[in-house]
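**Q** Can you look at this prediction? I've put the sequence above it.
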Amino acid sequence: MSSLNLSLPTIVDTTHATNVFGGVQAYWTPESGSYTSSEPSFGRVTLTAKKLTAYTSAANELLADSAISLEALLMRIFPQAISYFEDDAFVNGVGGGQPVGILNADALITVAKETGQAATTITAENIDKMYSRMLPQSRGNAIWLAHPDVMPQIVALSRAIGTGGSAVMMSNMAGSAPASLYGRPLILSEKCQSLGTAGDIFFVDLSYYVVADRQSLSMASSPHVRFQNDETVWRFTSRLDGRPWLESALTPRNGSNTISPFVNLATRS
């Protein structure tokens, strides 16, 4: 971002029932026939830089007596902390003074739980239906994003066969734990919601999430602010914004189930 606000064009595409890209249509035309015009529908996504900050102080005695460079340690952990809270906002942000996260995306599809499904569980049918609601052209780029507490549910997934059943992920513990579902990477993150809550597992194509950086992480320190306390202070500042690029899920050409690059599983409680 070169200024406070950044506007990006977007295609307002909500249904493929009769056209694509919000109005583009192609026509079968006879030889010497006239061309029929059509045009896409454009919208605008505006990102406004939000400020993410961190602040700390340390006694000058600690600075002088530490066996390692305390400032070097702070320069390592505080940028990691800033990145941590940026990622949390990209997943869970509610807008306003922070980014809009994928959990609050207008285009987010929430797949309902199965009839009679027990609380805090994930079934193979949940995964099947989440996969089916992904935007087809995004399947090769999408990832599964889940809370670590989801993992026991994933490795225990099974599918009913007649009066019995069969495990679908692991037959024993000799190998490594599964790192993919339907061939797409499974990434565990504590920024996801707790098991059983909407947001505990996503299937998302993050190329449809826009991040705009206004100011890279900067650091400033001063021995004067808390001079009377014989302390040095540090402040860390980052300015950025993020939001989903699409404004709604898409109704496909045939069928009634919407599709989207952002898919979620409903609360199971």
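**A** Okay, I see it. Residues are numbered from 1 along each chain as shown.

**Q** Make sure Asn104 is actually in contact with Gly93.
**A** Yes. In this structure, Asn104 sits in contact with Gly93. The criterion is C-beta atoms under 8 Å, and the distance is 6.8 Å. Just so you know, the C-beta spots here come from the backbone N, C-alpha and C atoms, and that holds for glycine as well.

**Q** of the two, who's got more company?
**A** The residue with the greater number of neighbours, taking Asn104 and Gly93 and applying other C-beta atoms under 10 Å, is Gly93; the counts read 22 against 16.

**Q** Which residues outside the helix or strand hosting Pro152 are in contact with it?
**A** Following DSSP states H and E, the helix or strand that holds Pro152 is helix 151-155. Outside helix 151-155, the residues within contact range by C-beta atoms under 8 Å, 6 or more residues apart in numbering are 121-122, 146, 169-170, 177-178, 181, 186, 188, 195.

**Q** Can you point out the buried residues in stretch 63-77?
**A** The neighbour-count criterion (16 or more other C-beta atoms under 10 Å) identifies 70, 74 as the buried residues of stretch 63-77.

**Q** just stretch 150-165 next, same as before
**A** Within stretch 150-165, the residues that qualify as buried are 150, 153-154, 157, counting by 16+ other C-beta under 10 Å.

**Q** repeat for stretch 110-130
**A** For stretch 110-130, burial by neighbour count (16+ other C-beta under 10 Å) applies to 110-111, 113, 120, 122-124, 126-127, 129-130.

**Q** Please, where are all the strands along the stretch 1-150 of the chain?
**A** Secondary structure of the stretch 1-150 of the chain, counting by DSSP state E, counting those that start in this stretch: strands at 5-11, 42-48, 50-59, 109-111, 143-146.

**Q** tell me the angle the second one makes with strand 5-11.
**A** With axes from the mean of the first three to the mean of the last three C-alpha atoms, to 10 degrees as the basis, strand 42-48 and strand 5-11 are set at 150 degrees to each other.

**Q** who's in contact with the residue lying closest to Tyr27 once chain neighbours are set aside?
**A** The shortest distance from Tyr27 to any residue that is not its chain neighbour, by C-beta to C-beta, 6 or more residues apart in numbering, is 4.9 Å, and that residue is Thr36. Thr36 makes contact with 25, 27, 29, according to C-beta under 8 Å, 6+ apart.
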